[in-house]
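**Student:** Sequence plus the predicted model coming up.
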Amino acid sequence: MLAIENCHLSWPDFTADYSLHVKEGTFCAVIGPSGGGKTTLLHLIAGFETPQRGTLTFRGRDLLPLAPSERPVAIVFQDHNLFPHLSAAENVALGIRPSLRLSREERRRVSEIMDAVGLKDLESRRPGEMSGGQRQRVALARALVSSRPLVLLDEPFSSLDPQLRHTMIALVNKLRRRQNVTFIMSIHTPEDVRDMADQMVLVAQGKVLLSGSPAAVLQDPATQAASLTPKA
Amino acid sequence: MRLKPPHPGSLVALAILALVAGGFLALLQTGSEGSNLLAIGPYLLRVLAFSLIQAGISTILSLSFGVALALALTRRRFLGREPLLALLGTTMVMPTIVVVFAVLTVYGRSGWLAQLLIGFGIDAPLSIFGYPGILIAHVFLNAPFVAKIALDALGTVPAEQWRLASSLGFGPSQIFRHLDWPVLRAEISGLASLVFLLCFKSFAIVLALGGGPGRATLEVAIYEALKVDLDFARAASLSLVQIAICLTITLLLHGTLARPPVATTLRGAIPRPDAADRRLRALDFVVLSIGLLFIGPLVLSILTGFSHIGAITDLDLLQALVTSLGIAATAATLACCLALFLGAAARNRRIVLRSPRTAALFDLIPSLLLAMPPFALTAGLYLIVRPFADPSLAGLALLPLINGLASLPFVYRSVAPRLMLAEERYGRLSSALGLEGLAKLRIVDWPLLQRPLGSAFALAMALSFGDFGIIALFGGAELRTLPYLLYERLGAYRFEEASAIGLIIVLVAFFLARLSGRLSYARD
């Protein structure tokens, strides 16, 4: 279980207070208006932001004293996920060993995960030679190969067209079941994950306003008020 | 069918090419019966070898020191960092003759270092002339410039990649390999070419610190042929060699100068994960200390001028100041006008006529001017106007012209991308509204151009104001600029007056450079 209790963060122009519980192995979608605090929530879990007060635990272990690299967390951003001078396989391998000195077993793991995300033949390609969807698959592969039980996806497919976005979300769902990883994904288009997410969270004004099943959250007037679903 | 008149930018391009070609033809014609390349073979080889060796070593030292300084500065935050960064950004316009003064004051025979050594009981005679003085001056001039560009490049690494590095647990070596080095590598070849070109064409520093005819760059050799020996043929031959070498370097550099500006950085408030590493902390301390020990005394020597300003406020100074400002303003105006015409022609070819290849030719003209030896060009043009004007009058006309052409590459780099942007944004709209010529300039281009153009004008003025090049040919009692006055005072060993004049030049040039920097942040 990931447990966030009364985590308070403040800046001169923005204040956030989060409380949230996410069960292990679930696909949790974080929705909400732009500037509402979705990314800040993910950055808090990843260790890029430190709260002034509150607690953050995973499997009962306090994450707050840990540096980002020590946390059981992998992250995928919307852009700039890959290092352009490295091949796709090398970018994935960074998730295992930043020095890129891999053992035979580790190289096999990289190949396996590249296969799982559908990029078996593109291992030697550089990011500049790949499409947007392929690049995000590489980033996803890197997050998964690190074997960290919590994967954060910060609007990773926003720049893709609706068809490709749907395919990528389906891939995430498939991998989640296969690898038993907890996914927390912020997303702008809640309808895309309505049928796949186990839990949906509405974040606005720096607070978790709602948490529950996608159907319940999407039908709630608060979600309607946040202009996230088409009004009847 | 009615023929369309040529674009004014095409006429300007032709005029520049005609001016350059005319100057060299005049020089070649005048000296056709004199020495040729074969006749000056051994001399040429000696000059060439010295030019290449000193430029090569200067480039390696400037790049190594500049990049190390940039890495240390990007990792550390300390009191005085911001003023230091501002200083780095303005060294590009540091007048070379002032650098000569600073090097002599600190490292000269009776300079600060010699005094310090005597204080410790060491009475070793220091000789700054030759390679030591030239290398110190070139590194002082170029390493901060390299550091500034490298620092800007390091700042363009996206925030997401820093977060990734932090999340993946990158150590210092991985951070250098995957985050720092890729952006540095993209800059280094262009920077190396530019620094090499500037050192290869170095004039004032080599003239004053070379220590005699045995230590001459091609630029100094051309000057000596023109001013001392009046050997136009030798000047023409040397110029051709210089043009061939500089053209090669310039063509390599062209891609760098013509490259569009980097997008704004996405860097957030994430601290660099390697800032806490102990070994890097020690290394950065050493690099910053060396930087302070090297740059600090040279800057201080220039600041000593404050205590002598009262002693130099005479008519000579006032006249030289007015002349310098007048020449600099005219040169900057000329450079801005030429850049506008060439930039407008290039965008017309690129966007309206869809002919990127001919557009690239317009882009190439300003870069080509970097390869021109200013002395040879000036001498050629002087030979053309000599029947109609006396030397000081010719100097007054040629100084802004040559200085304007010399700053055109930098001005063009600011102006041309903005003209393109204006056309991309509003080109179709202005065509639909029938906006052309001056109306288009005023309504469509000007709002996007005014700040970059102001920035380019200030930079061109700063470059011209501190220039000690062509004035060495025409300078005298009737025509003095501030850098020339400083050179005269240095030659007469009047160091206190020289320090005050140097300070005034630096203050004006830095003010203009800061103004240029502030205006360069476009508000669109």
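**Tutor:** Received it, and whenever you're ready, just let me know what you need. Computed from a prediction, not measured in an experiment: that's the story for all the values here.
**Student:** Please verify my assumption that residue A:23 contacts residue A:59.
**Tutor:** No - judged on CB atoms under 8 Å, residue A:23 makes no contact with residue A:59 at a distance of 11.4 Å. In this view, the C-beta of every residue, glycine as well, is placed from N, C-alpha and C.
**Student:** Next, show the common contact partners of these two.
**Tutor:** Shared contacts of residue A:23 and residue A:59, defined by CB atoms under 8 Å, 6 or more residues apart in numbering or on different chains, are found at residue A:1.
**Student:** Number of residues surrounding the residue in chain A that chain B sits nearest to?
**Tutor:** Proximity of chain A to chain B (CB to the nearest CB) peaks at residue A:69, 3.1 Å away. Number of residues near residue A:69 (other CB atoms under 10 Å in any protein chain shown) recorded here: 16.
**Student:** Verify the stated contact: it with residue B:166.
**Tutor:** Yes - the pair residue A:69 / residue B:166 is scored as a contact, 6.4 Å apart, by CB under 8 Å.
**Student:** follow-up on the earlier one: dump the residue contacts of the residue of chain A closest to chain B.
**Tutor:** B:166-170.
**Student:** what about residue 57, which helix or strand?
**Tutor:** The chain I'm using is chain A. strand A:53-58 (DSSP states H and E).
**Student:** Oops, wrong one, chain B.
**Tutor:** Using DSSP H and E, residue B:57 falls in helix B:41-75.
**Student:** Would you mind listing what in chain A touches chain B?
**Tutor:** Residues of chain A lying near chain B by CB under 8 Å from any CB of the partner chain: A:43, A:46-48, A:67-71, A:73-75, A:77, A:79-81, A:83-86, A:94-95, A:98-99, A:146.
**Student:** rerun at 6 Å
**Tutor:** A:48, A:68-69, A:75, A:77, A:80, A:83, A:85, A:94, A:98 (CB under 6 Å from any CB of the partner chain).
**Student:** Sort out which one of the residues you listed lies nearest residue B:65 for me.
**Tutor:** Nearest to residue B:65 among the residues of chain A next to chain B is residue A:85, at 25.1 Å by CB to CB.
**Student:** residues touching that closest one, list them.
**Tutor:** residue B:182 (CB atoms under 6 Å, 6 or more residues apart in numbering or on different chains).
**Student:** SS state for it?
**Tutor:** coil (DSSP: H, G, I helix; E, B strand; the rest coil).
**Student:** can you tell me how far it sits from residue B:298?
**Tutor:** Residue A:85 is 37 Å from residue B:298, where distance means CB to CB, to the nearest Å.
**Student:** hmm, back to that, and the strand holding residue A:57, which residues are buried?
**Tutor:** A:54, A:56, A:58 (16 or more other CB atoms under 10 Å in any protein chain shown).
**Student:** Could you give the average pLDDT over the helix or strand that it is followed by?
**Tutor:** Using DSSP H and E, the helix or strand that follows strand A:53-58 in sequence is strand A:61-62. Across strand A:61-62, the average pLDDT comes to 94.
**Student:** Could you look up the next helix or strand downstream of strand A:61-62?
**Tutor:** That would be, after strand A:61-62 and using DSSP H and E, strand A:73-76.
**Student:** Can you name every helix or strand that that next one contacts?
**Tutor:** Identification of packing neighbours for strand A:73-76 by 3 or more CB pairs under 6 Å, 6 or more residues apart in numbering or on different chains; DSSP states H and E yields helix A:132-145, strand A:150-154.
**Student:** For the longest one, which residues meet the burial criterion?
**Tutor:** Okay, so that is helix A:132-145. A:133-145.
**Student:** who touches the closest residue to residue A:37 other than its chain neighbours in this structure?
**Tutor:** Spatial nearest neighbour of residue A:37, chain neighbours left out: residue A:206 (4.2 Å); criterion: CB to CB, 6 or more residues apart in numbering or on different chains. By CB under 6 Å, 6+ apart, the contact list for residue A:206 reads A:15-16, A:37.
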